[in-house]
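> Sequence unavailable; structure follows:
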């Protein structure tokens, strides 16, 4: 007998994710960023501020995106003058990613907006630390 959808963790997660994504999309729209553009820009900025200039493969892995899709999105971010690709001195076939001054400024503003959405969205969760722990567990690939 099928489970009541209201008792299905996957079904509920689907609905929560859709609602959260709609709110993130609305917060980023005035900045001219899609959600995936935000993720790649913010991840590049964060890595840059921590002394890393990732290549596309490293960035996609950290951000959890498909490498080919990341390539297309990074091209758009480069066209908007938000990131630049620099030739890697150790491997001239590879490109290192850095945010431009404009990209860094936009990343910080977008992160503030997204953090604001998160604060409001998860306000009703009584133990946010426990939620983050559960989400980390679910985000970590298991064996097999």
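Great, that's in hand. As the structure is a computational prediction, the values presented were derived from the model and not from experiment. Numbering: from 1, shown residues only.
> What residues sit buried inside stretch 69-87?
Residues 70, 73-74, 77-78, 80, 82-83, 85 are the ones in stretch 69-87 that count as buried (16 or more other Cβ atoms under 10 Å). For the C-beta atoms, the positions are set from N, CA and C on the backbone; glycine is no exception.
> Quick check: the farthest pair among those?
Maximum pairwise distance among those (Cβ to Cβ): 15.4 Å, between 70 and 80.
> hang on, the earlier thing: between the buried residues of stretch 69-87, which is nearest residue 108?
Nearest to residue 108, judged by Cβ to Cβ, of the buried residues of stretch 69-87 is residue 82 at 12.1 Å.
> so what pLDDT did that closest one get?
On pLDDT, residue 82 comes in at 98.
> now swap in the one 5 residues further on and tell me
Residue 87 carries a pLDDT value of 89.
> List the beta-bridge partners for it.
residue 95 (DSSP bridges).
> Identify the residues contacting it.
Applying Cβ atoms under 8 Å, 6 or more residues apart in numbering, we find residue 87 in contact with 94-96.
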